[in-house]
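Chemist: Here is the input, now give the coordinates:
(chains A and B)
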Amino acid sequence: MSATLHIIRAGPQLTVQDQGRPAMIARGLSTGGAADMTALAEAAALLGLPSLPSAIEMAGLGGSFAVSNPTRIALTGAPMRAKLDGAEIGWNQTHLVRPGQELAVGGALSGVYGYLTPAGGIATEPFLESRATHLVAGLGRPLASGEALPIGVDRLPAAPPVRIGPAARFSGGVVRIMPGPQTGLFEEAELARFLAARFVRGAASNRQGVRLEHDGAAFQSGEAAGLVSDFIAAGDVQMTGDGVPYVLLSECQTMGGYPRIGTVIGADLPRIAQLPLGGRVQFTLVTVAEADRLYRTPAQLVAEAKTRVAPLVRDPGEIADLLGYQLIGGVVSGRDEEEY
Amino acid sequence: MTGQKASTLTHEILPLGQDGVLVRFARKPDPVALGSAQRFRAMVAMQQNSEILEVAPSLASVLLRFDPAATPRARIEAIAERALAEMGPSADHPVPTRCWHLPVAFGGEAGPQLAEAAALAGLTQEAAVRQVAEADLRVLAIGFAPGQPYIGLLPENWNMPRLSQLTPKVPAGALVIAVRQLVLFCNDSTTGWRQIGQTGFRPYWPQSQTPFRLEVGDAIRIEPISLTDFPSLAPESTDGLGGARLEILG
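Modeler: This is a model prediction of the structure:
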């Protein structure tokens, strides 16, 4: 049995995202998937799911939505102003949306990418084992106003609402990079200058990469000329011809000829993807061994996020429809809670 | 005499992200590095080691992807070292198992820079097309964009640099040349390479359940067709094959 999520009004870039397609590098297809994987882990933790779900990624601005069946949703990633039937509702928590209600998601208050995750998952046809829209590769396209998105039925709509303390990542900060195949092509002084610089997000940023700007001189490698094209990993900090760094994200090209000074580790890549205009980042270099120790599987990310989930304590005075509220939800869904 | 082989085959084993080991044979284009990457790719792929999730070759390197939660990096590096010790330096490529025959229209609207490229190769346009058609070509790497092949190598006289000015737009199906290699574009693209021909074949056809048609190591035979034949091989009417034919080699 399936349900439907109606897109009443779509913001400029709503896309279905999940973990992406990790094993297609040899085919020239980059992994793609959510720009902020932590947001998917937090949604999984909120909804009691064992693995990273598929979600609607909302770049900068949300939209308005309705459901065919009572469905819990999780709102994670960049905090956005959200309303259910006109009443303000909180970010980083679950909400029950009933048929006939309108969920409206506005602009990002900080960060860039917000995520709307229905508890039953998104039920579009997978392609190469993923539902992720890959804009650069022409796989899927942004969701449009009026579209009906198939979703799975929420089996536990009465589960009590929960909230999560989000991992800090929406206002820049320190980002860890590990050495990559071309780190050695930069002089030590140039690497030191890079690590000392503070960067802001450039306007030319998208799911392929984030352009970083700073006040100092361009970054140069004396070995850049005539390099043969070689593999790129998401997180690579690429120095383009004019010496401006780009941090490559999940939809990057798979190969390129520009030198890369290092690779942002997975745990810190959301901090880059979510860097808002005006936010600042600085890089710190970790060893390969340290980077390897910091690796987390998707299941580990979800388990870690679950430690930050707590029941949502609600003031009954704020609940408009007290009689319609499932007061014994905690008892009914006891099984659900055991999963934490 | 593996010691002697190891001393003459230069390689570096490098990290590429938290789940990648890159074996690099050269930083700049080099036929021996290219052959080494192809043979190393074939050797690792043949071993079917379950600890290696993906083996991907580029023009002078091979990427081994692994699951860091299950396998330490040092183990993948040791697997790479062992395979390298069994290889000597050589520009030879593994024997192909498949050959694609690709109809391509050259010159005119289909190849506006054929005359320029032929002149740089020291050939008439007719001789240039003949040399491309007779070349023993392989898919050397797939990348930059989904399914997009780097094909080579053409003879030495095709070792021409990229253009200093980018061509803002070449069409999908454009066959372009630089540094002894051909690239076949899947989509409209900006490029610094010279367009010599065009084909109705699309190496990436997302509508299909098998959207990636080429594999690294595939032999490629370019079959020149006339400009008047070209429209009948439009990708829309031929499921993106454009008259291409796949031959399985015995």
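Chemist: Could you look up the next helix or strand downstream of the helix or strand harbouring A:F65?
Modeler: If you go by DSSP states H and E, A:F65 is part of strand A:61-67. Remark: after strand A:61-67, the chain's next helix or strand is strand A:71-77, criterion DSSP H and E.
Chemist: Now do that next one and strand A:61-67, the angle between them.
Modeler: 170 degrees (axes from the mean of the first three to the mean of the last three CA atoms, to 10 degrees).
Chemist: Strand A:71-77 - what's its average pLDDT?
Modeler: If you average the pLDDT over strand A:71-77, you get 98.
Chemist: other SSEs contacting the strand or helix carrying B:I222?
Modeler: Element membership of B:I222, judged by DSSP H and E, is strand B:219-225. Applying 3 or more CB pairs under 8 Å, 6 or more residues apart in numbering or on different chains; DSSP states H and E, we find strand B:219-225 packed against strand B:98-106, helix B:125-134, strand B:137-142. In short, each C-beta sits where N, CA and C put it, glycine included.
Chemist: what about A:P53, helix or strand, and which?
Modeler: Going by DSSP H and E, A:P53 is not part of any helix or strand.
Chemist: Pretty sure it sits against A:D18.
Modeler: Yes. Counting by CB atoms under 8 Å, A:P53 touches A:D18, with 7.0 Å between them.
Chemist: Which helix runs longest in chain A?
Modeler: helix A:37-47 (DSSP state H).
Chemist: If you could redo that for chain B, that was the one I meant.
Modeler: Every helix in chain B considered (DSSP H), the longest is helix B:31-47.
Chemist: Just name whatever secondary elements that helix is in contact with.
Modeler: Using 3+ CB pairs under 8 Å, 6+ apart: helix B:31-47 touches strand B:54-57, strand B:61-65, helix B:73-85, strand B:137-142.
Chemist: go again using 6 Å as the cut-off
Modeler: Contacts defined by 3 or more CB pairs under 6 Å, 6 or more residues apart in numbering or on different chains; DSSP states H and E place helix B:31-47 against strand B:54-57, strand B:61-65.
Chemist: and that helix, how far out from the chain's middle?
Modeler: 13 Å (CA atoms, centre = their mean, to the nearest Å).
Chemist: got the angle for it vs strand B:61-65?
Modeler: Using the same axes, to 10 degrees: helix B:31-47 against strand B:61-65 is 30 degrees.
Chemist: Helix B:31-47: which residues count as buried?
Modeler: B:31-45 (16 or more other CB atoms under 10 Å in any protein chain shown).
Chemist: Same question for stretch B:87-100.
Modeler: Quick answer for stretch B:87-100 (16+ other CB under 10 Å): B:M87, B:G88, B:P89, B:H93, B:P94, B:P96, B:C99, B:W100.
Chemist: now, which of these lie within strands?
Modeler: B:C99, B:W100 (DSSP state E).
Chemist: Model confidence for residue 153, exactly?
Modeler: Because you didn't say which chain, this covers chain A. According to the model, A:V153 scores 96 on pLDDT.
Chemist: Oops, wrong one, chain B.
Modeler: Reported pLDDT for B:L153: 91.
Chemist: Equivalent analysis for A:A273, please.
Modeler: Looking at A:A273, the pLDDT reads 98.
Chemist: How about the one 4 residues further on?
Modeler: pLDDT, A:L277: 88.
Chemist: The nearest residue to it once chain neighbours are set aside and A:V105, how far apart?
Modeler: Nearest residue to A:L277 in three dimensions, chain neighbours excluded: A:R201, at 5.7 Å (CB to CB, 6 or more residues apart in numbering or on different chains). Computed as CB to CB, to the nearest Å, the A:R201 to A:V105 distance reads 22 Å.
Chemist: thinking again about what came up before, show residues contacting the strand holding B:I222.
Modeler: B:96, B:99-106, B:129, B:132-133, B:137-138, B:151 (CB atoms under 6 Å, 6 or more residues apart in numbering or on different chains).
Chemist: mind running it again at 7 Å?
Modeler: With CB atoms under 7 Å, 6 or more residues apart in numbering or on different chains as the test, strand B:219-225 has contacts from B:96, B:98-106, B:129, B:132-133, B:137-139, B:151.
Chemist: what's the offset of stretch A:181-200 from the middle of its chain?
Modeler: 27 Å.
Chemist: can you give me the end-to-end distance of that stretch?
Modeler: 25 Å (CA to CA, to the nearest Å).
Chemist: and it, what's its mean pLDDT?
Modeler: On average, stretch A:181-200 scores 96.
Chemist: Flag every buried residue along it.
Modeler: So stretch A:181-200, judged by 16+ other CB under 10 Å, has buried residues A:P181, A:Q182, A:T183, A:G184, A:L185, A:F186, A:E190, A:L191, A:F194, A:A197, A:F199, A:V200.
Chemist: That stretch close to chain B?
Modeler: Yes. Applying CB under 7 Å from any CB of the partner chain, one finds that stretch A:181-200 is in contact with chain B at A:P181.
Chemist: which one is the residue sitting nearest the centre point of chain A nearest to, not counting chain neighbours?
Modeler: In chain A, the centroid-proximal residue (CA atoms, centre = their mean) is A:D36; its distance is 2.1 Å. Using CB to CB, 6+ apart and skipping residues adjacent in sequence, the residue nearest A:D36 is A:P270, 4.2 Å away.
Chemist: how distant is whichever strand or helix holds the one you found from the center of its chain?
Modeler: Assigned by DSSP H and E, A:P270 belongs to helix A:269-273. Put simply, helix A:269-273 sits 8 Å off its chain's centre (CA atoms, centre = their mean).
Chemist: The next helix or strand after it: partners in the sheet, and parallel or antiparallel?
Modeler: Downstream of helix A:269-273, the next assigned helix or strand under DSSP H and E is strand A:280-285. As defined by DSSP bridges, the strand partners of strand A:280-285 come to strand A:172-178 (parallel), strand A:199-201 (antiparallel).
Chemist: what bridges to A:T15?
Modeler: A:E57.
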